[in-house]
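**Student:** One predicted model, sequence on top.
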Amino acid sequence: MIIAEQKTLAEIRDMVSPYRKILLAGCGTCTAFCSAGGSKEVDKLADALLSENKDIVIDKTTIPRQCATKFIDRLENKVGHCEAVLSMACGNGVQAVASRFPDKPVLPALNTQFIGVEKEPGVWTENCMACGDCILWRTGGICPVARCAKSLLNGACGGASEGRCEVSKDRPCAWQEIYHALKRLNMLHYLKEKPQVKDWPIHPGRVVREDLRDVEAT
Amino acid sequence: MSFREALESGKFLVTAEVGPGKGTDVEHLLKDAEMIKERVDAINVTDLQSSVMRLGSMAVCHMLVDMGIDPIFQVTCRDRNRLALQSDLLSAWVLGIRNMLALTGDHPTLGDHPTAKPVFDLDSVTLLEAIGTLNAGQDMAGNELKGVPDFLCGAVVNPGADNEAAMDLQIMKMEKKIEAGAKFFQTQGVYDLDAFEKFMKRVEGFGAKVLGGIILLKSVGMARYMNKNVAGVFVPEPFIQEMKEAEDKAQASKEIAVRLVKGMKDLCDGVHIMALGWESKIPPILDDVGL
């Protein structure tokens, strides 16, 4: 899932300051699961904004996903009655809503962090950078592109100490994790394979499925 | 004798290193290099060491060439993508630089511009492969070069990796680096000769020269700092005590270095002395060990 964190209240207050009527829109999937932008967080943020400024009017809503047209359409009536939308979705959701309502400012209440998992209560960690060329089958199910601070593809650097990464002791060395996983799986030979140079993806990404396009055309 | 000739001669190699500073002042650095130039086979020039923005390695290497010193151009993968790395290597060659040392590089977060975008498009292994390709007359995209370099390539290895996984990973990467063309290795600073001997036994027959790293101990504080903060460096307590009890710290530092160089003479192919500003101590150390 996509992990996000709420911006500081000060930044959100600055963003919404030109507007009196705001639609505060939560997202029921990723940002709800990571306790950043679901209906609970919508209520909390609305209370916080209203406690500081009694003059604004906040209409609250949460849709299942802000990244799918069929759900975004449900916002249509509410959007018509507000001056701006404050979205509690990830950056993808914010842009999808903004693209659907091009005449309305759509503001991000969250900072989108990464694709990851909840490691333990209150701690989320990054697992995937959507790099477009998955190598997890030869790295023991641990991605060095996302989980090594240097995205190294051909083994560890010399910077780890006691199994922790040189950038911070709160991050494990991904290559040592890969080593242990491959050893457990009896696949250490993958570490000795020909060195890889990555073909970095071109942004913005675009996926085209001709088979599906054909179906639509006919 | 060039560094390549020295390496091929089979003699016990001695290299040192200088670290360019922040700014354009090179007076001290060149003085340090001048002081040791007759005593060493080559001098490394670091590349934005510890991810701190400094004067660049290539320019200083070029100045060393002008002084009759054979420099080792340290190149990290932190700040340049494959286009810039290949281009800088060609530039270095036309400036008279003949040796290079491939490193991954520290992460920017360790330095003084911690939010800089880390590059790491290549890593130390694929950088070595890229140089091999340039040496063979092509770039990484397979285009022919007009005028071809012939770099002598080296790399680094950390013989003090602190657990089995880290050590195995170091050895595996060392093998990949040799496969990719590394002819010599300069190691992280070594203080424990028994552990270093074990490491040398593991890499026996790998076919690349190993220069044991020696970091001159300047103080007890420095030893404790390295033990806590520098991956792979471990200064054993007896050395720390020796420094603590010594009235003349510089003399104690020299005596420790002399013992380490002497010990390494029987274990590996040379030493790489990191004096960190104490370059003037290098000639007396070499005098004492007869190098």
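**Tutor:** Perfect, thanks for sending it. Quick caveat: nothing in here was measured; it's all calculated off a predicted structure.
**Student:** next helix or strand past the longest strand belonging to chain A?
**Tutor:** With secondary structure taken from DSSP state E, chain A has its longest strand at strand A:110-120. As assigned by DSSP states H and E, the chain's next helix or strand after strand A:110-120 is strand A:123-128.
**Student:** which helices and strands sit right next to the helix or strand just after that next one?
**Tutor:** Using DSSP H and E, the helix or strand that directly follows strand A:123-128 along the chain is helix A:144-147. Under the contact criterion of 3 or more Cβ pairs under 8 Å, 6 or more residues apart in numbering or on different chains; DSSP states H and E, helix A:144-147 touches strand A:123-128, helix A:174-184. C-beta coordinates here come from the backbone N, C-alpha and C atoms, glycine included.
**Student:** redo that, cut-off 10 Å
**Tutor:** strand A:110-120, strand A:123-128, helix A:174-184 (3 or more Cβ pairs under 10 Å, 6 or more residues apart in numbering or on different chains; DSSP states H and E).
**Student:** follow-up on the earlier one: pull the residues that contact the longest strand of chain A.
**Tutor:** By Cβ atoms under 10 Å, 6 or more residues apart in numbering or on different chains, the surrounding residues in contact with strand A:110-120 are A:1-8, A:11-12, A:27, A:30-31, A:33-37, A:41, A:45, A:87-94, A:123-130, A:146-147.
**Student:** among those residues, which ones are buried?
**Tutor:** Buried by 16 or more other Cβ atoms under 10 Å in any protein chain shown: A:1-4, A:6-7, A:12, A:27, A:30-31, A:33-37, A:41, A:45, A:87-91, A:93-94, A:124-125, A:127, A:146-147, out of the contacts of strand A:110-120.
**Student:** quick one, phi psi at residue A:165?
**Tutor:** phi -70, psi 150 (degrees, to the nearest 10).
**Student:** Just the ones of the buried ones among the contacts of strand A:110-120 in strands?
**Tutor:** Using DSSP E, those in strands are A:2, A:3, A:4, A:6, A:27, A:87, A:124, A:125, A:127.
**Student:** now chain B, which segments are flagged as low pLDDT?
**Tutor:** Scanning chain B for pLDDT under 70 picks out nothing.
**Student:** ok so residue A:23 is a helix residue?
**Tutor:** No: counting by DSSP: H, G, I helix; E, B strand; the rest coil, one finds residue A:23 to be strand, located in no helix.
**Student:** Make sure I have this right: residue A:71 is in a helix.
**Tutor:** Yes: secondary structure assignment places residue A:71 in a helix (three-state DSSP).
**Student:** can you tell me how far it sits from residue A:63?
**Tutor:** Residue A:71 is 4 Å from residue A:63, where distance means Cβ to Cβ, to the nearest Å.
**Student:** now swap in residue B:177 and tell me
**Tutor:** Residue B:177 is 53 Å from residue A:63, by Cβ to Cβ.
**Student:** Quick check on those two: which one has the bigger neighbour count.
**Tutor:** Taking other Cβ atoms under 10 Å in any protein chain shown, residue B:177 and residue A:63 do not tie; residue B:177 has more neighbours (28 against 22).
**Student:** thought the more buried one was touching residue B:131?
**Tutor:** No: with contacts counted by Cβ atoms under 10 Å, residue B:177 stays clear of residue B:131, the gap being 11.3 Å.
**Student:** check contacts around residue 5.
**Tutor:** Picked chain A for this. Counted by Cβ under 10 Å, 6+ apart, residue A:5 has contacts A:31, A:34, A:35, A:36, A:37, A:110, A:111, A:112, A:113, A:124.
**Student:** hmm, I had chain B in mind actually
**Tutor:** Residue B:5 touches B:11, B:41, B:70, counting by Cβ under 10 Å, 6+ apart.
**Student:** With residue A:177 instead?
**Tutor:** By Cβ under 10 Å, 6+ apart, the contact list for residue A:177 reads A:139, A:140, A:141, A:142, A:144, A:147, A:148, A:163, B:165.
**Student:** ok, the fifth one to residue A:125 distance?
**Tutor:** Note on residue A:144: its distance to residue A:125, by Cβ to Cβ, is 14 Å.
**Student:** give me the low-pLDDT residue ranges for chain A?
**Tutor:** A:215-218.
**Student:** Write out the residues of it neighbouring chain B.
**Tutor:** A:148-168, A:173, A:175-180, A:183, A:188, A:191-198, A:200 (Cβ under 10 Å from any Cβ of the partner chain).
**Student:** Filter the residues you listed down to just the buried residues.
**Tutor:** Buried among those (16+ other Cβ under 10 Å): A:148-161, A:164-167, A:173, A:175-180, A:188, A:191, A:195, A:197-198.
**Student:** Tell me which of those fall in helices.
**Tutor:** Among those, the members found in helices (DSSP state H) are A:175, A:176, A:177, A:178, A:179, A:180.
**Student:** Was I right to think the first one contacts residue B:104?
**Tutor:** Going back to what we said before, that points to residue A:175. No: if you go by Cβ under 10 Å, residue A:175 and residue B:104 don't touch, sitting 11.2 Å apart.
**Student:** Spit out the residues that contact these two alike.
**Tutor:** Joint contacts of residue A:175 and residue B:104 (Cβ under 10 Å, 6+ apart) are A:150, A:152, A:154, A:155, A:156, A:157, B:173.
**Student:** Pretty sure the last one sits in a strand.
**Tutor:** No: residue state for residue B:173 (three-state DSSP) corresponds to helix; a strand is not indicated.
**Student:** and residue B:165, what are its phi and psi?
**Tutor:** phi -60, psi -50.
**Student:** gap between it and residue A:28?
**Tutor:** For residue B:165, the distance to residue A:28 (Cβ to Cβ) stands at 41 Å.
**Student:** Enumerate every residue touching residue A:166.
**Tutor:** Per Cβ under 10 Å, 6+ apart, neighbours of residue A:166: A:149-150, A:157-160, A:173, B:106-107, B:109-110, B:229-231.
**Student:** Swap in 7 Å and give it another go.
**Tutor:** A:159, A:160, B:106, B:107, B:110, B:231 (Cβ atoms under 7 Å, 6 or more residues apart in numbering or on different chains).
**Student:** What of residue B:135?
**Tutor:** Neighbour list for residue B:135: B:148, B:149, B:150, B:151 [criterion: Cβ under 7 Å, 6+ apart].
**Student:** And for residue B:163?
**Tutor:** Neighbour list for residue B:163: residue A:163 [criterion: Cβ under 7 Å, 6+ apart].
**Student:** what's the answer for residue A:22, then?
**Tutor:** Contact partners of residue A:22, counting by Cβ under 7 Å, 6+ apart, are A:16, A:56, A:58, A:82, A:83, A:84, A:86.
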